[in-house]
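# Everything below, folded, please.
(chains A and B)
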Amino acid sequence: MLIKLRAPGWYRAALFDVIGFAFAFGLVVLIRTLMHEHPVLDGYAITTVALIAVPLFFLVGLGVADYWFYWAAGKRTRPEDHSAHGARTWRDYFRVNTDHKVIGIQYVVTSFFFLLIGGLLAMLMRAELAQPGMQFVTPEQYNGLFSVHASLLIFLFVIPVFAGLANFVLPLMIGAPDMAFPRLNALSFWLLPIAGLMMLASFLAPGGSFASGWTAYAPLSTSLPLGQTFFTLAVQFAGASSIATALNFLVTIITMRAPGMSFFRMPLLVWANFSTSLLVVIATPFIAASQFFVLLDRALGFQFFNAFVGAGKNGNVIMYQHVFWFYSHPAVYIMMLPGFGIISEVLAVKARKPIFGYRMMAFSLLAIVVLGFTVWAHHMFVSGMAPWIRIPMMVTTAIIAIPTGIKVFSWLATLWRGVLRLDTPMLFALGFLTMFTLGGISGVMLAMIPFDIHVSATYFIVAHIHYVLFGGSLFTIFAGVYYWFPKMTGRMFDDRLGKLHFWLTFIFFNITFGPMHLIGIQGMPRRVADYAQQFATWNLIISLASFGLGLSTLVFLYNMVASWRGGPRAAANPWRALTLEWQVSSPPPIFNFDAVPTVVGGPYEYGVPGAVHGIFKSPAEARPTGTIATSPTPE
Amino acid sequence: MRKHPVVQLLLIGAIGTAIGLPIALAIPWFPAQAATQAHRIDTLYHVLLIVSVPIFVGVLSVVLYSVWKFRMKPGEEGKDGPPIHGNTRLEVVWTAAPAILIVALCTYAYTVLHANEVTKPGERTVNVIGEQFAWYFTYPSSPGKSVVTQQLYLPKGQPVVFKIHSRDVIHEFFVPAFRLQLAAVPGITTTLRATPDRLGVYSVVCNQLCGNGHATMRATVHVLTPAAFQAWLAKQPVQPSPGYSFSSAGGGAPAPAPAPAPSGKAGNGSATAAAGKAIFTGSGGCGACHTLADAGTTGAVGPNLGIRLVPDAKKRGLPLAAFINESITKPNAFIAPGYPAGVMPQTFGQTLTATQIQSLVAYLASVTK
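From the prediction side, this is the model:
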C-alpha cells in the first residue's frame, strides 16, 4: 500500500487531493486569522482556494511532473518512469502516458464523454422549452443548464476533440515519431478532465451551477453565487491545456517534419492545425485575463467591473466584453479551422482528386488567422460601446467571408469530375459543406449592423452558432472520427450504421436548428426558460427533433464501441490515401515509423500516374538533413 | 442532346433559385412593423435573402450534381479523378466576386444604419432604466421631476430618443416590433432612436441574461395617437426623477439629481403609507414581480404579498413590520416556500432611502393586516 501511495498513479493522486484540500483549508484559515476576518472558517473562500490547489496537487500526485521534479532536484531522471509508450489494455488509457497516439485517443474519448453530457443538458433544456410556462426546472436551474451546456461543448468538446484528433494524426502525417514535448502533451490532456469535472461539479455548489451563460458577462458574473467560481477557474485549466497543446503543435510542425516535407508539401490538416495553434497561443491568454478579472472581483473585491462611481467603484463593464471577445471570436476559428483541415483530407481522398488550389487553401487559412483578430466587436453591436467601432467591425467581418468562400469554392471544385466514394466520412464532409455554407451566409447577414441590431441575442444567433458549430465543426469531427477510426483502432467501422447515423443526424439537425432562424427573427430571445405563446408550435417541433438528434448519437456510440471491440481488422491503407499516416500499419507501430520517411511530392496527387507523397528509407539515409535529430524518444 | 456538365449545373442552379427564392421571400419572417426603422431593416433582410439564396442553392447544386454524376460506380473502385490542381482564372473570379458583393452590401447596410440613427428634429427624450427584473420609463417634465411608469407609452409618428441606464447588471432594451435593441450598461448612458409609426401594443423584452428573473423582465410599449399620448401624460403624477445607480441616494449620481423622497416630516402614518404605495407601483418597481390587490399589481415572479406576508411573518417569528423590512433589505433571509432564493434583488437596502423603505413597510403592513 505504501509503495502504491509513493508511486505515481491514482492512489497517490487521491492522497495528494487530500493534502491539497488540507493545504487550501489551512491557508485560508491562516490568512483570515492574520487579517482578523470573521468568521475564520469561510466556505466560499476555502472552496475558491481548494479549486486551484486540489487540481494542481492531483496532477502532481498522478505523476505528470515526476520527471521534471527529478530533473530539477538533480536526481537521475527516468524518461519512462511513469509511462510506457503505447497502450496494451484499456487500463493504460487511465494512466499518464506520453505516447501521442494514446494521448490522442484519451483526448477524443474524454471529449466525446463531455459531448454526451453537454447533449443531455441540451435535452433537458428542450424538455423545458417544449411548452410555454415552467414545467421541469426553475429559471435558476435553466440558466445553469444552458451555461454548462455551452461551456462544456466549447471548452471540453469542440476545442479539445480537434486537439485530440490532431494529436493522433498530425505527427504521423509529418513523419515524426511523436510530438515535440511528449510530457507537456500528457500534462495538456490531464488538465482537461479537471476543467470538465469542475464545470459539472458546479451543479453541487450552494446556489446552483454557474448561470451567466458561457460568456459570463460582468457584472452579473461577479455577483452570482459560488457556482460561478467553478466556471472562472475551470476556464483557466482548459485554457492552459489549449495553450500548452498549441505550443506543442507549433514546435512539432516547425521542427519535426520529415525530410523533404516543405511547408507546401504539408497536408492541409497540418496547415489547419498550424493556423489554429497560432490563434490559440495569441488569443487564449485574453480569456484567461478576463476570467482572472472576474475571479479577483469575486474573491478579493477588486471592483474591476463595479461601475457605480464611488470609492474604488469606477470599473468599466464593457471592458470585460472586449477582452472576452478578443479571445472568443478567434475561438470560433479555433473551433473551425481544424475541421477545414479534416474536410480537405477527406474530400481529396474520397473524390480521388488533388485539392483544388492547394496554395490558396493554405493562404486562406492564414488570412483567416489574421482577420480573425480584427472582428471581435461584432459580438457587441448592441453592447453600448462607442457606435463608430461597429462600422470597421462590420467591414472586417464581411471580408472574412472571402477566404472562407475561397475554401468552400475550392472544395466544390475538388468534387467536380472526381470519383466520389460516398461512404460515411464523405457523407459527413458533404453535409458539412452545405450546412456550413448556410451558417456562413447567416454570418454575413449578422455582420450587417442594422439586421444584427434586431436579431442580437435572439434564436437567430442560436441557429447561426449551431449551423456553424454543429453543422460545421461537429460534422467535420464525425467525418474525421470515421475517417481515422481504422487507423486509430485497427478496426473497420460499420459503414451502414455510419450512414444511418449521418442521415438521422442531418435530418434532425435541420429540423432542430432551421426553424430557430425564423423564431429568432420573430423576436424570441435566447437564454429564457419561458416564452410567448406565439412561439409554442415551433418550440414543440424543435424539442421533438432535438430528442431525435440526441438519439441518433446512440447509433454512433454503438457503432464505435462495437466496431472497436469486434469490427473487421483494418488494412494499413483502406482508403488508398497518399498521406503518410496511411503508409504505416493500423494501428501504427509504437514509434510510428520503422524507417524515417522522405517526402518527395505533394500530399494529394490523386490521378497523377505513379505519384507518391513519401518514400521510406532507412533512418541512416535520411538523417543527414538533421530534421529527425530532435526526436525525444531515444531508442 | 447531351449538354455540357457546366451547362447542366447552371440550369439546375437557375431552377433551384427560381423555386427557392419565392419561398424564402414568402416566409412571414418578421413580427409587426411599428417603427420607421423596422421598414428599412426588413428591406435590408429581404435584399440579403435575394443575394443569399442563389449562393446557397449554387453550393447545394454543385454538391448534389457531383453526387449524382460523379459518384463511384461499380467497377470504378480503383479509379481516380483527373489531376486538376487549380485554375488561376477561376480562383481570381471567386475571390473578386464576393469582394465586390461585400463592398456593396456593407455600403447598403451603412446607409440603412445612418438613416435609422440620424438625429431628427423634435425628438422626445424617454429615460429607460433597467434593474433586476423590471423596466422603468421616465418622462422628464421639469428639472429633477419626471413621470415614472412601468409601461412605455409613445406617440405615433414622433421621433423618440431613449436614454438607457442600468441600476445593477447589464440589461438589454429590446422592442422586436421596432427591430431595435441596445444594452443598458451600468455606469454609462446609451442612446437609441426610434420613430413609432403604427398604433398598438408591443412587447419590451430584456434580451441580456441578467439573473434568475431574466425571462420575466418584460414590459409593453403602447403606441398612441399624439393626442391620446398627451392626455395620458397629463394624467400621470409627477415624481422626483429616480436615480440611475445604487449610490444615487447618497449623492454623486449622474444627472438628473435625485431628490429625497417626500415623506411627512412628522412621520404621519397615512401619508407615509400613501408614499409607500407610490413607491410600490412606481419607482420601487415592486409590482412588477409581486401581486398586491390593494395596489392593483399582478406580478407573478414573487409571492402574492396580500396573502403571504402575514403567515410568512409568523413562520419567520418576527413582527410583521420587522419581517417586511427584512424581506426588502435582506430578501434571502427568509424565502417563501415554493419560491427560489436569489431572485429578488438584494440591493433595495441601497437603492431605496431609509425613508422610502419605512414608507413601503408602513404601506405593506397597512394593506395586509
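# Near chain A, which residues of the stretch 251-369 of chain B? Just list them.
Contacts of the stretch 251-369 of chain B with chain A, taken as CB under 8 Å from any CB of the partner chain, map to B:G252, B:P340, B:A341, B:G342, B:V343. All C-beta atoms are positioned from the backbone trio N, CA, C, and that covers glycine.
# can I assume the last one sits in a helix?
No - inclusion of B:V343 in a helix is not indicated when DSSP: H, G, I helix; E, B strand; the rest coil is applied; the result is coil.
# I'd like to know how many residues surround it.
22 (other CB atoms under 10 Å in any protein chain shown).
# Make sure it is actually in contact with B:G211.
Yes - here B:V343 lies in contact with B:G211, judged by CB atoms under 8 Å, at a distance of 7.4 Å.
# Overlap of the contact sets of the two?
Taking CB atoms under 8 Å, 6 or more residues apart in numbering or on different chains as the criterion, B:V343 and B:G211 both touch B:F133.
# what residue is smack in the middle of chain A?
Closest to where the C-alpha atoms of chain A average out (CA atoms, centre = their mean) is A:I159, at 0.9 Å.
# I'd assumed A:F210 was in contact with A:L224.
Yes - judged on CB under 8 Å, A:L224 makes contact with A:F210 at a distance of 6.7 Å.
# surely B:G342 meets A:P206?
No - B:G342 lies out of contact with A:P206 (CB under 8 Å); the separation is 10.3 Å.
# Need the overlap of contacts for the two.
Counting by CB under 8 Å, 6+ apart, the common neighbours of B:G342 and A:P206 are A:P225.
# Tell me which of the two has more neighbours.
Ranked by neighbour count (other CB under 10 Å), B:G342 and A:P206 place B:G342 first, with 19 against 11.
# Now the phi/psi pair for the more buried one, please.
Backbone torsions of B:G342, given as degrees, to the nearest 10, read phi 80, psi 0.
# Identify the residues contacting the helix or strand of chain B with the lowest mean pLDDT?
Across the helices and strands of chain B, mean confidence by mean pLDDT, DSSP states H and E is lowest for helix B:269-281: a mean of 72. Residues outside helix B:269-281 that contact it (CB under 8 Å, 6+ apart): B:150, B:237, B:239, B:261-264, B:286-287, B:292, B:294-297, B:352, B:356, B:358-364, B:366-367.
# and these, which are buried?
B:150, B:239, B:261, B:263, B:286-287, B:292, B:295, B:297, B:352, B:356, B:358-364, B:366-367 (16 or more other CB atoms under 10 Å in any protein chain shown).
# Looking at the residues you listed, which are in helices?
B:Q356, B:Q358, B:S359, B:L360, B:V361, B:A362, B:Y363, B:L364, B:S366, B:V367 (DSSP state H).
# for the closest residue to the last one other than its chain neighbours, what are its contacts?
Spatial nearest neighbour of B:V367, chain neighbours left out: B:D294 (4.0 Å); criterion: CB to CB, 6 or more residues apart in numbering or on different chains. Contacts were defined as CB under 8 Å, 6+ apart; by that measure B:D294 touches B:K277, B:G306, B:V367.
# switch to 10 Å and redo it
By CB atoms under 10 Å, 6 or more residues apart in numbering or on different chains, the residues touching B:D294 are B:K277, B:F280, B:L305, B:G306, B:Y363, B:L364, B:S366, B:V367, B:T368.
# Phi and psi next, for it.
phi -60, psi -40.
# What separation do you get for it and B:T216?
Applying CB to CB, to the nearest Å, the value for B:D294 to B:T216 is 22 Å.
# go on, A:I117?
29 Å.
# picking that back up, tell me the one of the contacts of B:D294 nearest chain A?
Using CB to the nearest CB, B:L305 is the member of those that lies nearest chain A, at 20.0 Å.
# what about the closest residue to B:L64 other than its chain neighbours, neighbour count?
Closest residue to B:L64 in three dimensions, ignoring its sequence neighbours and counting by CB to CB, 6+ apart: B:I12, at 7.7 Å. A total of 18 residues lie near B:I12 under the criterion other CB under 10 Å.
# residue of the stretch 251-369 of chain B with the smallest distance to chain A?
B:P340 (5.0 Å).
# Distance from stretch B:285-296 to the middle of the chain?
22 Å (CA atoms, centre = their mean, to the nearest Å).
# Report the separation between the two terminal residues of it.
End-to-end distance for stretch B:285-296: 13 Å, by CA to CA, to the nearest Å.
# mean confidence for that stretch?
For stretch B:285-296, the mean per-residue pLDDT is 81.
# could you check the distance from the residue lying farthest from the centre of chain B over to chain A?
In chain B, B:G75 marks the outermost C-alpha relative to the chain mean, sitting 61.4 Å out by CA atoms, centre = their mean. Between B:G75 and chain A the computed distance is 11 Å (CB to the nearest CB, to the nearest Å).
# Grab the most central residue of chain B for me.
With CA atoms, centre = their mean applied to chain B, the nearest residue to centre is B:F174, 2.4 Å.
# Check the burial of whichever residue of the stretch 451-600 of chain A sits closest to chain B by counting its neighbours.
Chain B sits closest to A:G523 of the stretch 451-600 of chain A, with a gap of 3.0 Å, by CB to the nearest CB. Around A:G523 there are 28 other residues, counting by other CB under 10 Å.
# Quick check: pLDDT value at it.
Looking at A:G523, the pLDDT reads 93.
# Quick check: closest non-adjacent residue to it.
B:P176 (3.0 Å).
# where along chain B do the strands fall?
Applying DSSP state E to chain B gives strands spanning B:124-131, B:134-140, B:145-149, B:152-155, B:160-166, B:171-175, B:180-184, B:190-194, B:200-206, B:218-224, B:238-240, B:291-292, B:297-298.
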